[in-house]
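>>> Have a look at this prediction, sequence included:
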Amino acid sequence: MRKICYFLVCGWLMATAVSCKKYLDIKPKGAFIPEKTSDYRLLLDATSVTEKSNGFFTTYGMDVMLDDDMSINPFSLTYYNANALSAFRFAEHIYLDYESDKDWEAMYNQVYTTNLVIAQVMDSKGGTDAQKRQLMAEAKVHRAYAYFILVNLYAKQYTAGTAATDPGVPIRKGLDFEELLPRASVAEVYNFISEDLNTAIPDLPATPDAAATNRPVKPTAFSLLAKTALFKNDAAAAYANADSSLKYYHTLVDYNTLPPNAAYPEVLQYPNNFQNKETLMEKTGPMLSPVCYASASLLEMYDAASDLRYGTYFFNDAAFGLNFGRFSNEWAGRQPAKGPSVPETYLIRAESSARLGNAGNAMADVNLLRSMRYKTGINYTLSAGSPAEALTIVKAERRREMAFRGSRWFDIRRYNAVDNAGITVTHTLSDGTFAVVPNSNRSTLPIGRKYIALNPEIIQNPR
């Protein structure tokens, strides 16, 4: 029973009817048992958790409470729950011993569904072999994405010298409820991610479907492979895979073409994930708060007069009679974008070029992206005199472009481990100042105590 409640969505099974029997031993009354190929398509296309699906849009959200892009003021403080504030304080535990970690459960619920599709779809009824293979490939990409998030939230940053022994996260490949789930090493998790993505690519479509941006395609898998390689500090592989992704699909949206908000004309309305042509796989984070203020250090990075992202990403609270600053439009009544995208793929290729010593290629990709973000007629171009300078510029552009999109916390950990960047994150509340120094144990989230109580083979992270 211990695995059912916390690694699966309860709607799959009626636990009182099937106890610890393997999935599909019997059909529980009222549960959804996929049989046709079209059933598996419905599972992978599900947007949110229901009684018949785990949902593949919602991913992780607690990262925003950890990085230096977000700040809390007396007004926004009231919108955060105790768990979020514990994360903001870098507390020893984020959740009480009986509370669920939504990020952990969302990812492992999706892992379960993908395992089911991978194990069973080829024997399903009614579909062609090509349709079944595409569904299996899509499931592998979703699974790889889930494990990438898990290993970067709940394990140390990949470091070549220790990745083979650093505890990662449990790898669940099958459907056996009583399977022991010890933590695989960080290296093993990364290898599993890469294997899933590489074996998925041949059976994926070449370009995104505008009506179904939730479905992974070849450029999605290549972009995720590029990001996986970048996080392993393998710049050559990161460049090659980002380049492959962009050869398949490289559409960028010119922010000069975005319509203004009817009520607040200074704010441009960039499209939500499923309408955004830059999206390679739609994912969105849970809303921790409807009001998420940008930090002063982040806002200072933008050219407020010329960079269209400044007014588009961040809303001035003065319109509501407040005076605390600007909060993220991404988190205010929208769907915070978290999935792979064309802009991030360009930034991965640019960073890889800089790390490989090619400052010219790095700046070409940065300036191409900036050409779509700056007001028409404004000089947006940047130049670098060396690969080291290009890398600094790419990192700054990455922070501007990816603000509140699930990138910054992972990047801080990566820069500190790979580049010895020395980034300390400091948060301030009325009860004190809370800081995490580079490579601190508190750079890794603790695993929820309820999961360890039910699965004692899962070893807690040191704090």
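Now that the structure is in, tell me what you want to look at.
>>> List the contacts of the nearest residue in space to Leu252 that is not next to it in sequence.
Leaving aside its chain neighbours, Leu252 sits nearest to Met372 (4.6 Å; criterion: Cβ to Cβ, 6 or more residues apart in numbering). Every residue, glycine included, has its C-beta placed from N, CA and C. Met372 makes contact with Leu252, Val253, Asp254, Tyr255, according to Cβ atoms under 8 Å, 6 or more residues apart in numbering.
>>> do the same with Asn261
When contacts are counted by Cβ under 8 Å, 6+ apart, Asn261 touches Val267, Leu268, Gln269.
>>> Make sure the last one is actually in contact with Pro260.
By that I understand Gln269. Yes. Using Cβ atoms under 8 Å, Gln269 is in contact with Pro260, at 7.0 Å.
>>> can you give me the strands in the chain?
With DSSP state E as the criterion, the chain has strands at 70-71, 167-170, 183-185, 293-294, 314-316, 326-328, 425-429, 432-436.
>>> Next, format those strands as a markdown table and append distance to Ile412.
Conversion of the strands of the chain to a markdown table gives the following (distance: least, Cβ to Cβ, whole Å):
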| stretch | distance to Ile412 |
| --- | --- |
| strand 70-71 | 12 |
| strand 167-170 | 19 |
| strand 183-185 | 23 |
| strand 293-294 | 16 |
| strand 314-316 | 20 |
| strand 326-328 | 18 |
| strand 425-429 | 6 |
| strand 432-436 | 9 |
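>>> Switch those over to a markdown table; also include mean pLDDT.
Compiled in a markdown table, the strands of the chain are given as follows (pLDDT from 0 to 100):
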| stretch | mean pLDDT |
| --- | --- |
| strand 70-71 | 96 |
| strand 167-170 | 98 |
| strand 183-185 | 98 |
| strand 293-294 | 97 |
| strand 314-316 | 94 |
| strand 326-328 | 94 |
| strand 425-429 | 98 |
| strand 432-436 | 98 |
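>>> Make TSV out of those and add mean neighbour count and distance to Asp209.
As requested, the strands of the chain are exported to TSV (neighbours: other Cβ atoms under 10 Å; distance: least, Cβ to Cβ, whole Å):
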stretch	mean neighbour count	distance to Asp209
strand 70-71	23	33
strand 167-170	24	31
strand 183-185	20	33
strand 293-294	24	33
strand 314-316	21	31
strand 326-328	23	28
strand 425-429	17	39
strand 432-436	13	41
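>>> And those strands: which comes nearest Tyr40?
For Tyr40, the closest of the strands of the chain is strand 167-170, at 24.3 Å, according to Cβ to Cβ.
>>> now what about that closest one, what contacts it?
147, 150-151, 154-155, 181-190, 455, 458-459, 461.
>>> picking that back up, so can I have a markdown table of the contacts of Met372 showing neighbour count, distance to Tyr451 and pLDDT?
Output for the contacts of Met372, formatted as a markdown table (neighbours: other Cβ atoms under 10 Å; distance: Cβ to Cβ, whole Å; pLDDT from 0 to 100):
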| residue | neighbour count | distance to Tyr451 | pLDDT |
| --- | --- | --- | --- |
| Leu252 | 16 | 41 | 98 |
| Val253 | 16 | 40 | 96 |
| Asp254 | 12 | 45 | 97 |
| Tyr255 | 18 | 42 | 96 |
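>>> got those residues as TSV, with distance to Arg334 columns?
Formatted as TSV, the contacts of Met372 follow (distance: Cβ to Cβ, whole Å):
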residue	distance to Arg334
Leu252	20
Val253	15
Asp254	20
Tyr255	16
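>>> what's the longest helix in this structure?
Criterion DSSP state H: the longest helix present in the chain is helix 129-154.
>>> That one - contacts with which helices or strands?
Helix 129-154 sits against helix 37-45, helix 102-120, strand 167-170, helix 186-200, helix 218-231, with contacts defined as 3 or more Cβ pairs under 8 Å, 6 or more residues apart in numbering; DSSP states H and E.
>>> Tell me, what's the model's pLDDT at the residue nearest to Leu252?
On the pLDDT scale, Met372 is placed at 98.
>>> Looking at the contacts of Asn261, which one is closest to Val217?
The closest of those, once distances to Val217 are taken by Cβ to Cβ, is Gln269, at 25.8 Å.
>>> Quickly note the distance from the closest one to Asn256.
Using Cβ to Cβ, to the nearest Å, Gln269 is found at 13 Å from Asn256.
>>> hang on, Pro205 packs against Lys218?
Yes. Taking Cβ under 8 Å as the definition, Pro205 is a contact partner of Lys218 at 6.8 Å.
>>> Those two - which one has more neighbours?
Between Pro205 and Lys218, counting by other Cβ atoms under 10 Å, Lys218 is the more crowded of the two (24 against 17).
>>> That one contacts Pro208, correct?
No. No contact is recorded between Lys218 and Pro208 when judged using Cβ under 8 Å, the distance being 9.7 Å.
>>> Find the residues that touch each one of the two.
Shared contacts of Lys218 and Pro208 (Cβ under 8 Å, 6+ apart): none.
>>> which other residues reach stretch 136-143?
44, 56, 110-111, 113-115, 117-118, 121-122, 196-197, 199-204, 215-216, 220-221, 224, 281.
>>> Now the nearest residue to Leu298 once chain neighbours are set aside. Its backbone dihedrals?
Distances taken as Cβ to Cβ, 6+ apart place Asp69 nearest to Leu298, at 4.7 Å, with adjacent residues excluded. Dihedral angles of Asp69 (phi, psi; degrees, to the nearest 10) stand at phi -90, psi -10.
>>> so who does Asp69 touch?
Neighbouring residues of Asp69 by Cβ under 8 Å, 6+ apart: Ala294, Ser295, Leu298, Arg399, Ala403, Phe404, Arg408.
>>> tell me which of those residues is nearest to Phe315?
Nearest to Phe315 out of the contacts of Asp69 is Ala294 (Cβ to Cβ; 9.6 Å).
>>> Thanks again, I'm all set now.
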